[in-house]
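# Could you work out the structure for the sequence below:
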Amino acid sequence: MSKRLSVLAAVFLFLTASATAQTNTGKQVTLEQAIEMALANSPQINRALLAVDDADELVRMAYAEVFPDITSSINYTRNIEIPVQFLPAEFFGGQPGTLVPVSFGTDNNWQGGFTVAQNLFKGEALVALKSSAVFRKVQEENLRSTSQQIITQTRVAYYAVLAAREQLRLQDAQIQRLETSLQENEARAKAGIVDDYDVLRIRVQLSNQRPQQIEAKYAVDEAYRNLKIAIGLPVSFDIAVKGNLNTFDILAQDAISDENAHLKKIDKMNPYNFNSEMIDSVLLTENRGDIRIAEANLRLKEKEILGVRSRFLPTLTASYNLQWNAAEPDEPTFFDNNSRFQTLGISLSLPIFKGFSRVAELDRAKIQYKDVEEQKRMAILMAQNEVASASEELDKIFETANARQQALDQANEGYERAKKRLENGLGSQLELTEAEIQVREAEVNYALMVFNYLTAKAQYDLATGMVPFVDTDK
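Below is the predicted model of the structure:
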């Protein structure tokens with residue numbers, strides 16, 4: 001808990017410093033910082049933590065069944081009119097067949113004392129004590145699974161911002177190239193080197209490109225909002241992500257540039273090395289959050305079955321009672337005239353027959369246990385499919401990575417050649433336009449490949465149950 005408070009304090013200082021120091025550009029946040037903020041601010045994780053705290057209180061409540069129950073009471077009664085009972089008159093020497101009113105009690109009556117009850121044997125209480133510990137384990141597994149999901153959502157949202165920002169950068173670069181080409185061709189047209197139609201074609205292309213640039217700007221804003229929601233920040237708060245998809249090499253062990261070092265660090269926390277053992281049910285049961293929750297629920301259902309069976313057993317209870325009684329007429333004097341008595345008792349309760357309700361409850365508990373078994377089996381099947389799908393996606397990306405990089409290099413080289421040819425009067429504007437389109441397409445394809453890889457890797461980590469900052473070395 002102290003560690004969590006320190007994280008919250010760091011996040012508070014981060015937000016305060018950012019709010020005062022940043023006005024337009026926003027505070028730059030690395031992926032690791034985004035994950036830490038998500039773990040500190042996420043309402044889902046906070047709810048999971050509250051569930052663990054609630055489970056702790058349930059454990060304390062379960063212990064109450066094995067501790068003694070001590071109660072104290074005091075009571076005072078003032079008889080405004082003393083109660084009267086009618087007794088046969090012959091008891092007092094009167095005429096047989098008649099009744100005589102007789103007063104019982106006094107004006108003032110006090111009763112007070114202590115009562116102690118202790119369960120010597122109550123099977124359901126003993127089972128509840130063990131069940132509460134298992135229930136806490138379920139909540140701990142739920143917290144772990146929730147943390148895995150929040151971290152994965154944060155990673156995907158962070159990568160989506162990088163992808164949207166890269167799309168905007170490519171649109172800006174395309175606009176800049178077209179504007180430069182327009183200026184150069186306008187100068188050539190004045191010199192009579194090119195036709196006015198070539199200038200018009202660039203203007204049309206530039207007009208068609210500007211709406212795509214506007215759409216890319218709004219896409220970046222939307223991606224940032226999704227990231228802020230994932231890490232629990234107000235949507236009005238300004239932040240900026242760090243990284244460049246076009247310089248990220250998915251095949252390299254280390255980052256080429258410092259701005260991608262944090263992305264590579266988290267990417268390599270759970271190295272991808274797929275083999276058939278990764279979809280083994282034993283490994284998935286050990287690592288997957290949803291399967292571990294199902295396994296903990298099975299243990300909880302076992303305790304529930306024991307609890308229902310314990311209702312067929314006798315209950316043995318001991319009790320001790322210490323009481324004072326006092327009574328006096330006229331003006332009350334608190335316990336002035338009192339007497340004390342003590343009792344010690346043992347009670348044995350043996351349930352014999354309550355219809356068929358207990359049998360039905362036991363059968364229902366067994367049915368629910370089988371239902372959780374089926375849930376676990378389905379979770380394992382789904383997990384195996386998710387691991388296999390994520391692995392296939394990663395393998396496909398690895399196989400196409402070299403081709404994407406080569407296409408990008410060749411497109412850039414082709415654009416430079418087309419530009420020089422046009423400058424030397426050997427090429428045409430059409431050749432340069434086609435080269436620009438090829439560069440843009442290659443850059444988009446490469447950035448999209450990196451985004452798909454990072455996203456698939458995050459899903460792979462979640463599918464295998466080895467999510468950074470939860471299941472791997474930090």
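# For Asn452, which non-adjacent residue is spatially closest?
Excluding the flanking residues, the one nearest Asn452 by CB to CB, 6 or more residues apart in numbering is Ile397, at 5.9 Å. In short, each C-beta sits where N, CA and C put it, glycine included.
# and the one you found, which of the three is it?
Here Ile397 takes the helix state, with states given by DSSP: H, G, I helix; E, B strand; the rest coil.
# residues touching it, list them.
Ile250, Met449, Asn452, Tyr453, Ala456 (CB atoms under 8 Å, 6 or more residues apart in numbering).
# Repeat the analysis, applying 10 Å as the threshold.
Applying CB atoms under 10 Å, 6 or more residues apart in numbering, we find Ile397 in contact with Ile250, Arg404, Met449, Val450, Asn452, Tyr453, Leu454, Ala456, Lys457.
# Make a markdown table out of those residues and add distance to Lys27.
Formatted as a markdown table, those follow (distance: CB to CB, whole Å):
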| residue | distance to Lys27 |
| --- | --- |
| Ile250 | 28 |
| Arg404 | 32 |
| Met449 | 29 |
| Val450 | 24 |
| Asn452 | 28 |
| Tyr453 | 27 |
| Leu454 | 22 |
| Ala456 | 29 |
| Lys457 | 26 |
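# tell me which of the residues you listed is nearest to Thr464?
The closest of those to Thr464 turns out to be Lys457 (CB to CB; 10.7 Å).
# Pretty sure that closest one sits against Asp395.
No - the criterion here is CB atoms under 10 Å, and Lys457 misses it with Asp395 at 11.9 Å.
# Between the two, point out the one with more neighbours.
Neighbours per residue, other CB atoms under 10 Å: of Lys457 and Asp395, the larger number sits with Lys457, 23 against 13.
# all strands in the chain, in order from the N-terminus.
27-29, 69-78, 84-88, 99-103, 108-121, 239-241, 315-328, 338-349 (DSSP state E).
# Same list (those strands) but as JSON lines, adding mean pLDDT and mean neighbour count.
Formatted as JSON lines, the strands of the chain follow (pLDDT from 0 to 100; neighbours: other CB atoms under 10 Å):
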{"stretch": "strand 27-29", "mean pLDDT": "86", "mean neighbour count": "17"}
{"stretch": "strand 69-78", "mean pLDDT": "90", "mean neighbour count": "10"}
{"stretch": "strand 84-88", "mean pLDDT": "81", "mean neighbour count": "11"}
{"stretch": "strand 99-103", "mean pLDDT": "80", "mean neighbour count": "12"}
{"stretch": "strand 108-121", "mean pLDDT": "88", "mean neighbour count": "15"}
{"stretch": "strand 239-241", "mean pLDDT": "90", "mean neighbour count": "19"}
{"stretch": "strand 315-328", "mean pLDDT": "89", "mean neighbour count": "16"}
{"stretch": "strand 338-349", "mean pLDDT": "88", "mean neighbour count": "10"}
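# Can you lay out those as a markdown table showing distance to Gly427?
Compiled in a markdown table, the strands of the chain are given as follows (distance: least, CB to CB, whole Å):
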| stretch | distance to Gly427 |
| --- | --- |
| strand 27-29 | 42 |
| strand 69-78 | 96 |
| strand 84-88 | 126 |
| strand 99-103 | 128 |
| strand 108-121 | 96 |
| strand 239-241 | 39 |
| strand 315-328 | 97 |
| strand 338-349 | 101 |
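# I'd like the distance between Gln368 and Tyr446.
52 Å (CB to CB, to the nearest Å).
# More neighbours: these two, which one.
Tyr446 (22 against 14).
# tell me the contacts of that one?
The contact partners of Tyr446, taken as CB under 10 Å, 6+ apart, are Glu166, Leu245, Asn246, Thr247, Phe248, Ala401, Arg404, Gln405, Ala407, Leu408, Asp409, Ala411.
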